[in-house]
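Engineer: Sharing a model that was predicted from the sequence below.
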Amino acid sequence: MKKKLNSLTILFIVTLVMVVLMMFTLQRPNEVSEDYSILFPELFEQLNGVDTIKFKSSQDEFTLYKQDEDWFVKERWNYSADFNLVKRALIDIAEAKILERKTANVEHHILLGVEGVDDGGESIQVTMLNGEQPVAGLILGAEREIANNMGPRQFYVRRSNEDSVWLAEGYLNINPLMLNWIKSDVTNIDRARIAQVNIIQPNGEMATIVNIGIKDKFGVPPMLEKTIFKYEQLGYDIAGTLNQLRMEDVQPLSGFSRGDSEVVTAEFITFDGLKVITETSFIDGFYYTTFKAEYDASSVKAAPEDIQQLDVLKTVEHVKQEANTMTEELKPWVYRFGGFVGTNMMRAEADIVTKSDKVIPMPADITGGFGR
């Protein structure tokens with residue numbers, strides 16, 4: 001029995017040594033011909049012709065396609081993709097440099113994470129096309145750990161339909177999840193433009209905050225500068241809701257149902273007459289919002305002097321065009337937001353201000369001045 005155990009132990013050690021030697025061999029530097037300095041030598045000149053990118057991994061599978069100069073996510077109701085993210089990814093792939101030739105042995109692919117998705121691997125497969133014609137294909141494998149990872153990173157990669165594996169260097173931060181490629185920016189209205197916000201509850205009760213005549217300073221009528229918010233920055237935060245507003249997810253308005261959920265309406269009104277109207281419901285732990293915009297001439301008012309100096313206010317024609325564009329782009333969709341944004345679009349007055357007689361007083365001085 002002891003002899004049998006010793007044999008198994010020896011076999012295990014031999015196997016372990018072989019695996020270690022194999023990994024050492026695969027990661028050992030190899031000479032690289034000058035011809036292989038760029039992973040895809042011709043891709044950079046072909047980027048303008050790339051109009052379709054297919055992503056496939058164990059986590060997701062989706063397609064981005066180009067129409068005119070814009071990119072869209074096919075499997076997400078053709079919603080807009082993040083143009084800058086797509087552009088950056090294409091350039092990063094085109095600029096990836098080969099550091100070393102590794103192996104062409106298919107049996108070793110799994111050790112470097114490039115065995116392919118169809119083989120059950122954890123790699124990310126990227127296929128770039130011009131129409132139906134393939135331009136380039138990348139199988140992105142495991143990342144090689146390096147001491148200083150502040151700059152370009154190193155990955156094991158191979159070209160589609162090739163067995164050869166390379167160690168490549170570049171900013172190949174390709175996200176495998178479809179939602180991370182969607183254009184998440186919804187609105188970007190400068191907080192300084194906001195003159196008033198009205199939040200209207202289903203029962204008709206309305207909470208209002210207004211600019212009190214100074215940039216970034218807000219209060220509620222009639223208290224204005226004497227307003228005591230639930231927390232100091234709350235008025236500022238509510239007024240800035242539409243500034244660099246980003247969503248978590250999106251779906252078409254057609255087919256969407258709020259069910260029995262209540263709808264809270266918020267009106268964000270600027271000094272130059274733009275009125276953005278949101279309708280928000282809290283459904284199954286998430287906030288769902290629709291948008292529309294209009295030009296309201298009756299809302300135009302003189303902005304405080306320090307805001308006028310910022311050059312953020314727009315002419316009547318620009319505001320009308322802005323309202324039309326926002327409505328055209330946003331009205332067909334329902335956007336999902338996180339708690340901070342969603343809560344601020346649904347707040348009742350009691351959730352915004354604290355009455356002065358409700359403020360917790362300082363404890364009485366019972367020391368009689370002792371120790372002063």
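Structural biologist: Perfect, thanks for sending it.

Engineer: got a list of what residue 308 touches?
Structural biologist: For residue 308, the contact set (CB atoms under 8 Å, 6 or more residues apart in numbering) comprises residue 302. (C-beta placed from N, C-alpha, C; glycine too.)

Engineer: Need the pLDDT of it.
Structural biologist: Residue 308 is assigned a predicted lDDT (pLDDT) of 96.

Engineer: mind pulling up the phi and psi values for it?
Structural biologist: Here is the backbone geometry of residue 308 (degrees, to the nearest 10): phi -60, psi -30.

Engineer: For it, give its distance to residue 340.
Structural biologist: Per CB to CB, to the nearest Å, residue 308 is found 30 Å from residue 340.

Engineer: and stretch 334-350, how far from the chain's centre?
Structural biologist: Computed by CA atoms, centre = their mean, to the nearest Å, the chain-centroid distance of stretch 334-350 equals 19 Å.

Engineer: And residue 112, how close does it get to residue 55?
Structural biologist: Going from residue 112 to residue 55 by CB to CB gives 20 Å.

Engineer: got it, and residue 300?
Structural biologist: 47 Å.

Engineer: Give me the spatial nearest neighbour of residue 205, chain neighbours excluded.
Structural biologist: Nearest non-adjacent residue to residue 205, counting by CB to CB, 6 or more residues apart in numbering: residue 348, 6.7 Å away.

Engineer: ok, that neighbour - contacts?
Structural biologist: Listed by CB under 8 Å, 6+ apart, the contact set of residue 348 reads 199, 201, 205, 207.

Engineer: who's in contact with stretch 258-272?
Structural biologist: Stretch 258-272 has contacts (CB under 8 Å, 6+ apart) with 189, 193-202, 211, 239, 241-242, 275-283, 288, 296, 299-303, 307, 313-316, 319, 345-346.

Engineer: Just the buried ones out of the residues you listed, please.
Structural biologist: Among the contacts of stretch 258-272, those classed as buried by 16 or more other CB atoms under 10 Å are 189, 193-201, 211, 239, 241-242, 275-282, 288, 299-300, 303, 307, 313-314, 319, 345-346.

Engineer: Now, those residues that are in helices?
Structural biologist: 239, 307, 319 (DSSP state H).

Engineer: Near residue 203, how many other residues are there?
Structural biologist: By other CB atoms under 10 Å, 8 other residues sit near residue 203.

Engineer: quick one on the thing from earlier: using TSV, lay out the contacts of residue 348 together with pLDDT.
Structural biologist: Shown next, in TSV, are the contacts of residue 348 (pLDDT from 0 to 100):
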residue	pLDDT
199	98
201	98
205	98
207	98
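
Engineer: Output the below-cut-off pLDDT ranges for the stretch 51-200 of the chain.
Structural biologist: Under the criterion pLDDT under 70, the flagged ranges of the stretch 51-200 of the chain are 119, 149.

Engineer: would you list every one of the helices in it?
Structural biologist: When assigned using DSSP state H, counting those that start in this stretch, the helices of the stretch 51-200 of the chain occupy the ranges 83-95, 109-112.

Engineer: Of those helices, flag the one that's most buried.
Structural biologist: When those are scored by mean count of other CB atoms under 10 Å, the highest mean neighbour count falls to helix 109-112 (a mean of 20).

Engineer: Dump that one to PDB, restricted to CA.
Structural biologist: C-alpha atoms of helix 109-112 as PDB (Å, rounded to 0.1, in the frame of the first residue of the first chain):
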ATOM      1  CA  HIS A 109      -4.200  27.600 -25.900                       C
ATOM      2  CA  ILE A 110      -6.100  26.900 -22.700                       C
ATOM      3  CA  LEU A 111      -3.000  27.800 -20.600                       C
ATOM      4  CA  LEU A 112      -2.900  31.300 -22.000                       C
END
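
Engineer: Test my guess that residue 335 contacts residue 252.
Structural biologist: No - using CB atoms under 8 Å, residue 335 makes no contact with residue 252, being 11.2 Å away.

Engineer: Those two: who's more crowded?
Structural biologist: residue 335 (25 against 13).

Engineer: helices or strands next to whichever strand or helix holds residue 327 in the packing?
Structural biologist: For residue 327, the host element (DSSP states H and E) is helix 316-330. With contacts taken as 3 or more CB pairs under 8 Å, 6 or more residues apart in numbering; DSSP states H and E, helix 316-330 sits against strand 185-187, strand 274-283, strand 286-295.

Engineer: and residue 311, how many neighbours does it have?
Structural biologist: Residue 311 has 7 nearby residues by other CB under 10 Å.

Engineer: Quick check: residue 58 vs residue 115, distance?
Structural biologist: Separation of residue 58 from residue 115 (CB to CB): 11 Å.
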